[in-house]
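1. below: sequence and its predicted model.
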Amino acid sequence: MVQTLIQSRTGTPWRVVLFDLDGTLRYNVPSPNDVMLAQAVSLGVSDSAAARKRALRWAHFYWADSHTLAQDLRRFPKRDADFWVHYTARQLVAFGCSRAQATQLAPKVQAFMSNEYLPEDRLYPELSELLGSLREAGYLLGVLSNRSRPFHDYIEEKGLRPYFDLVLAAGEVGAWKPSPFIFRVAIERMGVRPNEVVYVGDNYFADVLGAQRAGLFPLLVDPEQLFSEMNCQSVSVVTDVTPNFLTSMASYHKCNPSTS
């Protein structure tokens, strides 16, 4: 009976669309990764499309509550300047530097980032229009982020609060994506089952794998096609996730269930 009501209201088996925040609903201009790699290139590091893809994928993996991140936080619990120099050296190695070159250049690159990098915070264009259309189609909406602190004020400031039934930071419950626990907390608070939820995020390791482990349907925002070979549904930008898109995706998934 519940499933019949869901279908008649949204046209899909899903009741809820949950979104990641950083990199999905909002982004920095210019991108910190692009600026950091460009600065490394200006200091003599070799550049190539393959090297950039490798470095960007490494950054996604690192911030997905990885063992490497946990190790670094034990060493640098305050996330001070030494943490960021160490992080920069790690990413330069992923970019193709030798460890010696990365160790030499990391302080210079990080000094540039600290002193010169002044990003602009932006929401994706037409985001409010998208969220409004999803609400009108009958979906419940939420934001689930790996931020350590609550971000209700940010959502309010950006005029997005009326669209969301849930706004949750991982730090509020002490669990971070890709842990299934944080996803389960979110869906429990929204009063739905895992298979009634689509989770939209930009980090394959945190968002797709975490959602899959918790039984949600993952949808990857992948504008640079960093994970094009992975077996998951993807879009180029979050505003592609329209009610019509969800309906067509549900039909495709019904015929090709292994794609999730």
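-> Everything's here; your move.

2. can you give me the helices for the stretch 1-150 of the chain?
-> 2-10, 32-42, 49-62, 67-75, 81-95, 99-116, 127-136 (DSSP state H, counting those that start in this stretch).

3. can I see the domain layout of the chain?
-> Following automatic domain parsing, one gets these domains for the chain: 2-27+122-259, 31-116.

4. centroid residue for this structure?
-> D202 (3.6 Å; Cα atoms, centre = their mean).

5. single out the most deeply packed of the domains of the chain.
-> Scoring the domains of the chain by mean neighbour count under mean count of other Cβ atoms under 10 Å gives domain 2-27+122-259 as the most buried, with a mean of 18. (C-beta placed from N, C-alpha, C; glycine too.)

6. quick one: that domain to chain centroid distance?
-> 10 Å (Cα atoms, centre = their mean, to the nearest Å).

7. ok, G171 touching R147?
-> Yes: applying Cβ atoms under 8 Å, one finds G171 in contact with R147, separated by 6.3 Å.

8. quick one: D82 from P243, how far?
-> According to Cβ to Cβ, to the nearest Å, D82 and P243 sit 48 Å apart.

9. swap that for G174, sorry
-> In terms of Cβ to Cβ, G174 sits 35 Å off from P243.

10. wait, E172 sits on F151?
-> No: E172 lies out of contact with F151 (Cβ under 8 Å); the separation is 9.9 Å.

11. how about the strands in the stretch 151-260 of the chain?
-> For the stretch 151-260 of the chain, the strands defined by DSSP state E, counting those that start in this stretch occupy 166-169, 197-201, 217-221, 233-235.

12. so what are the sheet partners of the third one and their directions?
-> When pairs are called by DSSP bridges, strand 217-221 turns out to pair with strand 197-201 (parallel), strand 233-235 (parallel).

13. what's the mean pLDDT across the longest one?
-> When pLDDT is averaged over strand 197-201, the result is 98.

14. got it, and stretch 207-217?
-> Per-residue scores along stretch 207-217 average to 97.

15. need the contact list for G210.
-> The contact partners of G210, taken as Cβ atoms under 8 Å, 6 or more residues apart in numbering, are A64, K177, P178, S179, P180, I182, F183, Y199.

16. of the residues you listed, closest to F227?
-> A64 (12.1 Å; Cβ to Cβ).

17. mean pLDDT for the domains of the chain: which is lowest?
-> Here those differ in mean pLDDT, and the lowest is domain 2-27+122-259 at a mean of 91.

18. and of the strands paired with strand 217-221, who's closest to A214?
-> strand 197-201 (8.2 Å).

19. which other residues reach the closest one?
-> 14-20, 23-24, 144, 177, 183, 187, 190, 207-208, 210-211, 216-221, 238, 241, 246.

20. with stretch 94-106 instead?
-> Contacts of stretch 94-106 (Cβ under 8 Å, 6+ apart): 37, 40, 43, 45-46, 48, 51-52, 54-55, 57-59, 85-86, 88-90, 92-93.

21. what residues does S48 make contact with?
-> Contacts of S48 by Cβ under 8 Å, 6+ apart are G96.

22. Y62 now?
-> T68, L69, Y87, R90, Q91.

23. that one and N203: what is the separation?
-> For Y62, the distance to N203 - Cβ to Cβ - is 10 Å.

24. please apply the same query to S42.
-> S42 is 27 Å from N203, by Cβ to Cβ.

25. I'd like the distance between the residue nearest to V173 when sequence neighbours are not counted and A170.
-> Counting by Cβ to Cβ, 6 or more residues apart in numbering, V173 lies nearest to V185, which is 5.1 Å off, once chain neighbours are set aside. When distance is defined by Cβ to Cβ, V185 is 9 Å away from A170.

26. D82 now?
-> For D82 relative to A170 (Cβ to Cβ), the value is 24 Å.

27. one more: P125?
-> Computed with Cβ to Cβ, the distance linking P125 and A170 is 27 Å.
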